[in-house]
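[1] mind looking at a prediction? Sequence and model below.
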Amino acid sequence: MKHLLRYEVVSKILKTHVMNTKYKLLRKGVLYDLIGMISYFIPVVGPFLDLIWAPIAASQMTKMYSGTKGKVASVLVFLEELSPGLDLIPTFTLTWLYVFVWKGKKSIFSEPVEVEILK
């Protein structure tokens, strides 16, 4: 009974951490999307800001999402930021939706988490 209780506590802690991290990625993504959209509304200087923002956005996308999904999304956000008129596409938010909603990824961990039960 004691071991089961410890497992449930650890399980709840891990689940809370996963949910917090998952929605932290969403908040960061929305912020980065807004930063990317700002240049659309700045005449003359906006397109030049995109030249600076595109590699930064691609780098952040790779840091936020590991593996093939992160690499593909990184290339997409880079191209989207450099292409005129596409600044209004929320690439970070769409990537989050793809990873956590459409593909149904329940965890941010790429591999199983091992839990040691202490006696």
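    Ah, there it is.
[2] Asp50 touches Ser39, doesn't it?
    Yes: taking contacts as CB atoms under 8 Å, Asp50 lies within contact range of Ser39: 5.2 Å. All C-beta atoms are positioned from the backbone trio N, CA, C, and that covers glycine.
[3] what bits of the chain have low per-residue confidence?
    Where the chain drops to pLDDT under 70, the residues are 1-19, 104-119.
[4] re earlier: now do the shared contacts for Asp50 and Ser39.
    Residues touching both Asp50 and Ser39 (CB atoms under 8 Å, 6 or more residues apart in numbering): Asp87.
[5] count the residues that sit near the closest residue to Phe100 other than its chain neighbours.
    Closest residue in space to Phe100, ignoring its immediate chain neighbours: Lys22 at 6.0 Å, by CB to CB, 6 or more residues apart in numbering. By the criterion of other CB atoms under 10 Å, Lys22 has 16 neighbours.
[6] any idea how far Leu97 is from Lys22?
    For Lys22, the distance to Leu97 equals 12 Å [CB to CB, to the nearest Å].
[7] over to Leu79?
    Taking CB to CB, one finds Leu79 at 19 Å from Leu97.
[8] one more: Thr91?
    11 Å.
[9] neighbour count winner among those two?
    Shown here are Thr91 and Leu97; by other CB under 10 Å, Thr91 has more neighbours (23 against 14).
[10] list the contacts of the residue nearest to that one when sequence neighbours are not counted.
    Spatial nearest neighbour of Thr91, excluding adjacent residues (CB to CB, 6+ apart): Val77 at 4.4 Å. By CB under 8 Å, 6+ apart, the residues touching Val77 are Gly36, Ala54, Ala57, Ala58, Met61, Thr91, Phe92, Thr95.
[11] mind checking how far the residue lying closest to the third one once chain neighbours are set aside is from Ser39?
    Looking back up the chat, that one is Ala57. Nearest non-adjacent residue to Ala57, counting by CB to CB, 6+ apart: Val77, 4.8 Å away. According to CB to CB, Val77 stands 13 Å off from Ser39.
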